[in-house]
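Enquirer: Next comes the sequence, and after it the predicted model I'd like to discuss.
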Amino acid sequence: MKLIYPDNISSITADEENANYLAANLEDDHPKKVWKGTSRDAVVTLVASAGGAICIIATNATSVTIVLSVGQSISWDTGISWDTGIAWDSSGDDDTTETTLLSGDIDGVIWSEFAAARTANFTATISLTADAGEIIQAGVVTCGTLRTFVDPIRGIRDGLRDYSIVRELNNGAWYIRKRDVVRTFEFSILEDRETDFYIFMLTTAKALGPSPIAWRILTKNITDSEWIVFCRFDDIMPQGLHEFNDFSQIDIRLLEVL
């Protein structure tokens, strides 16, 4: 199981944006409050103080390229000219590894982990392309510390919660107002008590509180995007069970955020 917390993005921009769907929406915690470009492809640029992964939620992209770069801004004095043939060193740039298949649906997700975690300021340039005739969009972009835990033990509950309004009328007919249906998850992980148990419970869950973050619930031999979700803790915070000498069970309930 993996999650991205905290989010370390300090700024995010796009080379194109619909006036009603600004790039600033990408930092909002509501995936349905989307950023939209003005064509089928666009480039999103973010600056982060540190990080080990990037997750993009609710995008209709069918292809993505992410390039990380580290560098300093330089302003040359006026009057300086350079000889032809000079090329600047770009050895500080590198591609990340894409691990998610993109379907083109508006609820598509991207999960990309860095070959090596960044511990200082860096820039991520994300090139997104949608199908012909579509307008590129995305709901949330998060980039920050990649935290890795064991995968849940067998018996994950994967359900749905319907927020639709359903009322029986006086004549016996039904009034139905369709609203969002979100996913729910309930599972347990068994962690080493002296290290990962307290990292999850105190450094992550307690510090996070009710805010949503990007989760990759299953990771071992699985690349399915269905396990990449934007969730918060549901109803109650995680609970620990100290039943063994060196390991403790953590019971977790998640609710998808739209």
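Expert: Received, thanks.
Enquirer: okay, CA-based contacts and neighbour counts for the rest of this
Expert: OK.
Enquirer: all strands of the stretch 101-250 of the chain, in order?
Expert: 108-118, 122-130, 137-138, 140-148, 157-162, 165-168, 174-177, 181-192, 213-216, 228-233, 239-241, 247-256 (DSSP state E, counting those that start in this stretch).
Enquirer: can these go into TSV with extra columns for distance to residue 29?
Expert: Listed next are the strands of the stretch 101-250 of the chain as TSV, based on distance: least, Cα to Cα, whole Å:
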stretch	distance to residue 29
strand 108-118	15
strand 122-130	19
strand 137-138	12
strand 140-148	7
strand 157-162	19
strand 165-168	24
strand 174-177	25
strand 181-192	15
strand 213-216	8
strand 228-233	9
strand 239-241	25
strand 247-256	11
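Enquirer: what would these look like in a markdown table with mean neighbour count and mean pLDDT?
Expert: As requested, the strands of the stretch 101-250 of the chain are exported to a markdown table (neighbours: other Cα atoms under 10 Å; pLDDT from 0 to 100):
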| stretch | mean neighbour count | mean pLDDT |
| --- | --- | --- |
| strand 108-118 | 18 | 92 |
| strand 122-130 | 20 | 94 |
| strand 137-138 | 28 | 97 |
| strand 140-148 | 22 | 97 |
| strand 157-162 | 12 | 97 |
| strand 165-168 | 11 | 96 |
| strand 174-177 | 11 | 96 |
| strand 181-192 | 18 | 97 |
| strand 213-216 | 22 | 98 |
| strand 228-233 | 24 | 97 |
| strand 239-241 | 14 | 97 |
| strand 247-256 | 19 | 98 |
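Enquirer: For the residue nearest to residue 125 when sequence neighbours are not counted, list each beta-bridge partner.
Expert: Distances taken as Cα to Cα, 6 or more residues apart in numbering put residue 45 closest to residue 125, at 4.6 Å, once the chain neighbours are dropped. Beta bridges link residue 45 to residue 13, residue 125, judged by DSSP bridges.
Enquirer: wait, isn't residue 45 in contact with residue 123?
Expert: Yes - if you go by Cα atoms under 8 Å, residue 45 and residue 123 touch, sitting 7.0 Å apart.
Enquirer: Give me the secondary structure label for residue 32.
Expert: coil (DSSP: H, G, I helix; E, B strand; the rest coil).
Enquirer: Over to it: give its phi and psi.
Expert: According to degrees, to the nearest 10, the main-chain angles of residue 32 amount to phi -80, psi -10.
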